[in-house]
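Trainee: Give me the fold of what follows.
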Amino acid sequence: MQILKKKIQKKKQKENFFFLFNTFVFQFFFFFIFIFYVKKKKMFYRLSTLFIFFFCFILIRGQGPTPTTTPTNSLQNCRGNPICGGPEQGYCKENIGCICYTPYTGIDCTSIVIIIPTPTPTPTPTPTPTPTPTTTPTPTTTPYVILLTEIRELDVYGETVTSYNLNIQRISGSSIYKILNYQTTIEKGGVTTTVNVIQELIEDQEFSKIKYSVNLSPFAFGGHLNVLQIIFKVQVQLNETNNPICSSKEFGYTIEPDDSRYVRLQVSNNTLLGRFPINCLADGENYPTIVNSLYPTDFNSKANNVESYIGISVPFYQSSLIFNADFSLSLEKAANSNSKNSICSPLSEINSESSTSSSSSSSSSLSFLFKGQIVKIITIKFKKLSFFFAIGLKKKILIIY
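Mentor: As a prediction, the model looks like this:
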């Protein structure tokens, strides 16, 4: 990686030289050099030299600097401060990223795996989500909620054609293998569609996650251009109300370990990460999906509670549809007011803003003084160079005439 960076720097230095050559100052300078060099020659040689000079100038200017693209690496770079959490939590491997020591995990080795308890046998039905304020959430035994709440049929303009609230019931399960099977049905146009959800808990020393596999039987679409939108509700909630606390929400795209959309919810140091692949299996073939966050980032979010509704739009199909998603829970550095889309209790905001404002004011004052000194030095140097250049030019002109 270091060798590649050095080659890129050398290439940029060469291109900068061509840029400088094309500036007015260098054109003027080289023009007088050629004039003085052939001052004792005949007019024919002068004109020939000038013609060659301008021909080279036009050739170089037409070629110009070739744009360079910084090579991207599909593998993640090493992150964190310190890098990879320090020598006790992991180390950086070139061209790969952070290699974490157990029990640490994540792209910067700052997350700690939480063993997720076995999912509850029968999840309670959830009403249709509407973007209106709700009351304080009721306490839960676990700090996270993952529910498949609704399926919508959307037309080509994204408008809702039909909507189905899901009342999923457990039909089978295994406490040994920690696999639960839920099922419900929806009806439209005389066609009964079976919605089967397989919930699998995967535990390892390096990660602990819940994997969802959603299977749908044939559905009576209103048109071949219509799509189905599968809606997940994800939530992280703590009963902490007295101490300073912050929550954050992030929705984005990742290519590691595969192309997928993700939602990251955090309350204090409790983090829920959900990953939704950007493809599904429709009628036995891979098709792209569209994954969106349905409501604004601050919807139903508080300092001790954050939730999100994720809609996965799948294309028209005839016989079957399979879609997967997985969720993991970990402990990370506590969220603060500088986290993305954060909401903090008043005390947390005051502490974070005071530290941020003091550091920003000190850095801005130092940068102002530093820039002032640089401008002063450049001005003095430029005046000196201009003075000596003018004297030398006068001497050359006197010698010619």
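Trainee: ranges for the helices of the chain?
Mentor: Secondary structure of the chain (DSSP state H): helices located at 2-21, 24-37, 43-63, 346-400.
Trainee: Mean pLDDT lowest where, among those helices?
Mentor: Mean pLDDT is lowest for helix 346-400 among the helices of the chain, at a mean of 46.
Trainee: So Asp258 sits against Asn279, correct?
Mentor: No - under the criterion of CB atoms under 8 Å, Asp258 is not in contact with Asn279, lying 9.3 Å apart. (Each C-beta comes from the backbone N, C-alpha and C, glycine too.)
Trainee: Show me which of these two is the more surrounded one.
Mentor: The neighbour count for Asp258 versus Asn279, taken as other CB atoms under 10 Å, is higher for Asn279 (16 against 10).
Trainee: which residues does the spatially closest residue to that one that is not a sequence neighbour bridge with?
Mentor: Ranked by CB to CB, 6 or more residues apart in numbering and with sequence neighbours excluded, the top spatial neighbour of Asn279 is Asn286, at 5.1 Å. Here Asn286 sits in beta bridges with Leu281, going by DSSP bridges.
Trainee: Could you do the one 5 residues further on as well?
Mentor: Val291 forms beta bridges with Ile312, as assigned by DSSP bridges.
Trainee: Could I get the contacting residues of it?
Mentor: With contact set as CB atoms under 8 Å, 6 or more residues apart in numbering, Val291 has these partners: 261, 276, 278, 310-313.
Trainee: Do you know the pLDDT at Thr140?
Mentor: 40.
Trainee: still on that earlier bit, distance check, the residue nearest to Asn279 against Ile322.
Mentor: When CB to CB, to the nearest Å is applied, the distance between Asn286 and Ile322 equals 10 Å.
Trainee: Then Tyr144?
Mentor: In this structure, Tyr144 lies at 24 Å from Ile322, with CB to CB as the measure.
Trainee: Pro315 is in contact with Met224, correct?
Mentor: That one is not Met; residue 224 is His. No - assessed by CB under 8 Å, His224 is found out of contact with Pro315, at 9.5 Å.
Trainee: Look at the two and report which has more neighbours.
Mentor: Neighbours of His224 and Pro315, each counted by other CB under 10 Å, are more numerous for Pro315; the result is 18 against 9.
Trainee: Could you tell me which strand of the protein is the longest one?
Mentor: Identified as the longest strand of the chain according to DSSP state E is strand 191-203.
Trainee: Provide the contact partners of that strand at residue level.
Mentor: By CB under 8 Å, 6+ apart, the list of residues contacting strand 191-203 reads 115-116, 118-119, 148, 151, 166, 168, 177-187, 208-220.
Trainee: nearest residue to Asn269 other than its sequence neighbours?
Mentor: Once flanking residues are discounted, Asn269 sits nearest to Ala334: 4.5 Å by CB to CB, 6+ apart.
Trainee: Count the neighbours of that neighbour for me.
Mentor: Residues lying near Ala334 (other CB under 10 Å) number 17.
Trainee: again with Asn81
Mentor: With neighbours defined by other CB under 10 Å, the count for Asn81 comes to 8.
Trainee: how close does Arg264 sit to Leu294?
Mentor: When Arg264 is compared with Leu294 (using CB to CB), they lie 16 Å apart.
Trainee: what's the domain layout of this protein?
Mentor: Domains of the chain are assigned by the TED database as 83-112, 144-344.
Trainee: Please check the contacts of Val291 and keep the buried ones.
Mentor: In terms of neighbour count (16 or more other CB atoms under 10 Å), the buried residues within the contacts of Val291 are 261, 276, 310-313.
Trainee: any idea which of these is closest to Tyr157?
Mentor: Here the nearest of the buried ones among the contacts of Val291 to Tyr157, counting by CB to CB, is Ser313; it sits at 12.9 Å.
Trainee: ok so, going back, going by neighbour count, which residues of the longest strand of the chain are buried?
Mentor: Residues 193, 195-201 are the ones in strand 191-203 that count as buried (16+ other CB under 10 Å).
Trainee: What's the local residue count around Ile290?
Mentor: Using other CB under 10 Å, Ile290 is surrounded by 15 other residues.
Trainee: do you know how far it is from Ile107?
Mentor: Computed as CB to CB, the Ile290 to Ile107 distance reads 25 Å.
Trainee: Then Gly284?
Mentor: Distance check for Gly284 against Ile107: by CB to CB, it reads 34 Å.
Trainee: Settle it for me: which of these two has more neighbours?
Mentor: Summary of the neighbour comparison: Gly284 and Ile107, criterion other CB under 10 Å, with Ile107 having more neighbours (17 against 9).
Trainee: ok so, going back, filter the contacts of strand 191-203 to the buried ones?
Mentor: Burial by neighbour count, 16+ other CB under 10 Å: within the contacts of strand 191-203 this picks out 116, 119, 148, 151, 166, 168, 178-180, 182, 184, 186, 208-212, 214, 216-217, 219.
Trainee: How about Tyr253, nearest residue that isn't a chain neighbour?
Mentor: On the basis of CB to CB, 6+ apart, the spatially nearest residue to Tyr253 that is not a chain neighbour turns out to be Arg261, at 5.8 Å.
Trainee: burial count for Ile112?
Mentor: The criterion is other CB under 10 Å. On that basis, Ile112 has 16 neighbouring residues.
Trainee: what pLDDT does it get?
Mentor: Ile112 is assigned 73 on the pLDDT scale.
Trainee: same thing with the one 10 residues further on?
Mentor: The score at Thr122 is 42. That number is its pLDDT.
Trainee: Let me know how buried Phe232 is, in neighbour terms.
Mentor: Using other CB under 10 Å, Phe232 has 23 other residues around it.
Trainee: Who are the contact partners of the nearest residue to it once chain neighbours are set aside?
Mentor: In space, Phe232 comes closest to Ile310 once its chain neighbours are excluded; the distance is 4.7 Å by CB to CB, 6+ apart. If a contact means CB under 8 Å, 6+ apart, then Ile310 has 231-232, 234, 261, 263, 274, 276, 291-294 as its contacts.
Trainee: Among those residues, name the ones in strands.
Mentor: For the contacts of Ile310, the ones inside strands are 231-232, 234, 261, 263, 274, 276, 291-293, with DSSP E as the criterion.
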